[in-house]
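Trainee: All I have is the shape, not the residue letters:
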């Protein structure tokens, strides 16, 4: 198989034309241009009730002219996501012109994040897709994941890469690649230079990882999450029961906002999923603006708890970092503790003061940089510019393909494997 690694294979959606660079609009169809502009807007601002109007304005279209291409915002989202997968598949095709698996991987990451090309849309609001559209996009995504996994497997066979789970590695790479364009939502400038920096750092970490000693054996303890779980054994404790119901609402709302966006998730839909009524939601969480703020505050509490709990673990500094990253990844892969993702999208700005959103973003970026800077001072993390980590998300678990939220063992295994990919990289040991 290693001898055939550079040979091109059919890719999902191969009936579509290759996307040109965004600077060469003359060779692109008007429909493609529309979807490329939509991808940039969705990455930067998320989906909202104004998306179609904003898109029409950006392109100089009337609303009626726009409806010639898309039927509604769900149709727009499915078309953008489908094109995103097709473009990514085509860029993997380009990378396959290389013969060595490590060169293919490096070329794929670089072309996928090339800021001079049509932007890849993050598959973020997948919860808004209709079932048939979600199945189609998931199939396209899985096709890319499978082909990338085959490249990783060829590298393992050729002993270019260390032994690993190729499917998990492919999934990790795609999750991080898809997350990079969302930097704009985190208040970052994500022009061509920043995307090139992101690609360079990701390629470096995929090669040799962030650990100073790639051979060090580790056995990180598990962070006890029970203090975050709101529960009671006293059925007559009304205050405790109230907090349990409130936490249940915040947990469900956080997951729905992550998968569907804030503006496009109504209180009526939340009430339906929870099996309650909108008036009862008001009793526990107030109006939608209050609910969004409470979901962010809940995410703050969870993130602060994890950082403090990791610092108090009785283990080596390396194991503390790994324990924190594993646990952060685990809760973001699904389950009741999944926190709402920090985002600076239009729908959030309308409900929460912009300075508060910016402060949260800044704290999130700085906490990661500080964590790795401290590790470098302790010589457990190899030297590199930790400020560039703001372009990546080492616990990136968004996207359309996720593990079964009820399978705790699968989630924990996925989380540990994803962290290990970035900790020691893929280069042969």
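Mentor: Received, thanks. Note that the structure is a prediction, hence the values are computed from the model and not measured.
Trainee: check contacts around residue 429.
Mentor: Going by C-beta atoms under 8 Å, 6 or more residues apart in numbering, residue 429 touches 162, 214, 215. Yep, even glycine has a C-beta here, placed from its N, CA and C like the rest.
Trainee: roughly how far apart are the residue nearest to the second one when sequence neighbours are not counted and residue 169?
Mentor: Pointing back at residue 214 there. Nearest residue to residue 214 in three dimensions, chain neighbours excluded: residue 424, at 4.4 Å (C-beta to C-beta, 6 or more residues apart in numbering). Per C-beta to C-beta, to the nearest Å, residue 424 is found 12 Å from residue 169.
Trainee: Tell me which of these two has more neighbours.
Mentor: residue 169 (25 against 21; other C-beta atoms under 10 Å).
Trainee: In a helix, the more buried one, correct?
Mentor: Yes - assessed by DSSP: H, G, I helix; E, B strand; the rest coil, residue 169 belongs to a helix.
Trainee: How about the contacts made by it?
Mentor: Per C-beta under 8 Å, 6+ apart, neighbours of residue 169: 149, 152, 417, 421, 426.
Trainee: try 6 Å this time
Mentor: Counting by C-beta atoms under 6 Å, 6 or more residues apart in numbering, residue 169 touches 152, 421.
Trainee: And it, what's its pLDDT?
Mentor: For residue 169, the pLDDT comes out at 96.
Trainee: and if you look at residue 218?
Mentor: pLDDT, residue 218: 93.
Trainee: how close does it sit to residue 323?
Mentor: 9 Å.
Trainee: The two: which has the busier surroundings?
Mentor: More neighbours surround residue 323 than the other of residue 218 and residue 323, with 21 against 16 (other C-beta under 10 Å).
Trainee: surely that one meets residue 220?
Mentor: Yes - the pair residue 323 / residue 220 is scored as a contact, 4.0 Å apart, by C-beta atoms under 6 Å.
Trainee: Flag the shaky bits of the stretch 251-400 of the chain, pLDDT-wise.
Mentor: 343-358, 361, 396-399 (pLDDT under 70).
Trainee: So which residues of it form helices?
Mentor: 267-274, 278-285, 288-311, 317-332, 346-349, 354-377 (DSSP state H, counting those that start in this stretch).
Trainee: Other residues contacting the last one?
Mentor: Helix 354-377 is contacted by residues 186, 187, 321, 342, 344, 381, 386, 387, 389, 390 when judged by C-beta under 6 Å, 6+ apart.
Trainee: Buried ones among those?
Mentor: With burial judged by 16 or more other C-beta atoms under 10 Å, the buried subset of these is 186, 187, 321, 342, 344, 381, 386, 389, 390.
Trainee: what about the lengthiest helix in the chain, average pLDDT?
Mentor: With DSSP state H setting the assignment, residue counts place helix 131-157 as the longest helix in the chain. Mean pLDDT, helix 131-157: 96.
Trainee: buried sites along that helix?
Mentor: Using 16+ other C-beta under 10 Å as the test for burial, helix 131-157 gives 133-134, 136-138, 140-141, 143-145, 147-156.
Trainee: Does anything pack onto it? Which helices or strands?
Mentor: If contacts are counted by 3 or more C-beta pairs under 6 Å, 6 or more residues apart in numbering; DSSP states H and E, helix 131-157 sits against helix 73-95, helix 101-112, helix 166-179.
Trainee: Take those helices and lay them out in a markdown table including distance to residue 313.
Mentor: Listed next are the helices and strands packed on helix 131-157 as a markdown table, based on distance: least, C-beta to C-beta, whole Å:
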| stretch | distance to residue 313 |
| --- | --- |
| helix 73-95 | 38 |
| helix 101-112 | 33 |
| helix 166-179 | 24 |
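Trainee: now for these, which one comes closest to residue 284?
Mentor: Nearest of the helices and strands packed on helix 131-157 to residue 284, taken as C-beta to C-beta: helix 73-95 at 29.4 Å.
Trainee: Off-centre distance for the closest one?
Mentor: 16 Å (C-alpha atoms, centre = their mean, to the nearest Å).
Trainee: any idea how far residue 290 is from residue 302?
Mentor: For residue 290, the distance to residue 302 - C-beta to C-beta - is 19 Å.
Trainee: Looking only at neighbour counts, state which of these two leads.
Mentor: residue 302 (20 against 12).
Trainee: Find the nearest non-adjacent residue to the more buried one, please.
Mentor: Residue 302 sits nearest to residue 339 (C-beta to C-beta, 6+ apart), 4.7 Å away.
Trainee: again, but for residue 167
Mentor: Closest residue to residue 167 apart from its sequence neighbours, by C-beta to C-beta, 6+ apart: residue 149 at 4.6 Å.
Trainee: Show me where the stretch 101-250 of the chain dips below the pLDDT cut-off.
Mentor: Checking the stretch 101-250 of the chain against pLDDT under 70 turns up 233.
Trainee: Now with 80, please.
Mentor: 184-188, 231-237 (pLDDT under 80).
Trainee: re earlier: among the helices and strands packed on helix 131-157, which comes closest to residue 272?
Mentor: helix 73-95 (17.4 Å).
Trainee: could you give the angle of that closest one to helix 166-179?
Mentor: 120 degrees (axes from the mean of the first three to the mean of the last three C-alpha atoms, to 10 degrees).
Trainee: So that it lines up with my notes, have the first residue be 538 from now on.
Mentor: Okay, residue one is now 538; in that scheme the one you just asked about reads as helix 610-632.
Trainee: quick one: which of the helices of the stretch 788-937 of the chain is nearest residue 776?
Mentor: Here helix 815-822 is closest among these (C-beta to C-beta), at 12.7 Å.
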